[in-house]
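[1] Using only what follows, build the 3D model:
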Amino acid sequence: MLTVTVDEIQRNLTIYLQQVAAGETIIIMQAGKPIAEIKPVSPISQQVRPYGLCTGEFIVPDNFDK
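    Residues are numbered from 1 along each chain as shown. Model (predicted):
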């Protein structure tokens, strides 16, 4: 985890964003106190959910379509 000041992040934003893209988390400090955290976005799973996950969990009533 990397800690930088607001001034540092403003001067070198592109460099810090490249580090975040590489997996680094950055804490931004102002007056010696943490004010923000920048971290990589979690990848979204592209897996297709299998059919029948809730098999047997509930019963559709016969008059469902009425």
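
[2] biggest helix in the chain, by residue count?
    If you go by DSSP state H, the chain has its longest helix at helix 13-21.

[3] Can you name the residues in contact with it?
    Residues outside helix 13-21 that contact it (C-beta atoms under 8 Å, 6 or more residues apart in numbering) are 2, 4, 8-9, 26, 38-40. Placement of C-beta: from N, CA and C, glycine included.

[4] Could I have the buried ones of those residues as PyMOL selection syntax?
    The following PyMOL line selects those of these that are buried, judged by 16 or more other C-beta atoms under 10 Å:
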select buried, resi 4+8+9+26+38
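
[5] from the contacts of helix 13-21, which two are the most distant?
    Pairwise distances across these peak at 19.2 Å for 8 and 40 (criterion: C-beta to C-beta).

[6] All the strands of the chain, residue numbers only.
    Residue ranges of the strands in the chain, as given by DSSP state E, are 2-5, 26-30, 33-38.

[7] which of these is buried the deepest?
    Across those, averaging neighbours per residue (mean count of other C-beta atoms under 10 Å) puts strand 26-30 on top, at a mean of 15.

[8] Which strands and helices lie in contact with it?
    Judged by 3 or more C-beta pairs under 8 Å, 6 or more residues apart in numbering; DSSP states H and E, strand 26-30 is in contact with strand 2-5, helix 6-11, helix 13-21, strand 33-38.

[9] Work out the gap between it and the centre of the chain.
    From the chain centre to the centre of strand 26-30 is a distance of 18 Å (C-alpha atoms, centre = their mean, to the nearest Å).

[10] So what touches that strand?
    Applying C-beta under 8 Å, 6+ apart, the contact partners of strand 26-30 are 1-6, 9, 16, 19-20, 34-39.

[11] redo that, cut-off 10 Å
    Strand 26-30 is contacted by residues 1-10, 16-17, 19-20, 34-39 when judged by C-beta atoms under 10 Å, 6 or more residues apart in numbering.

[12] Also compute the angle for it relative to strand 33-38, please.
    Orientation note: strand 26-30 sits at an angle of 150 degrees relative to strand 33-38 (axes from the mean of the first three to the mean of the last three C-alpha atoms, to 10 degrees).
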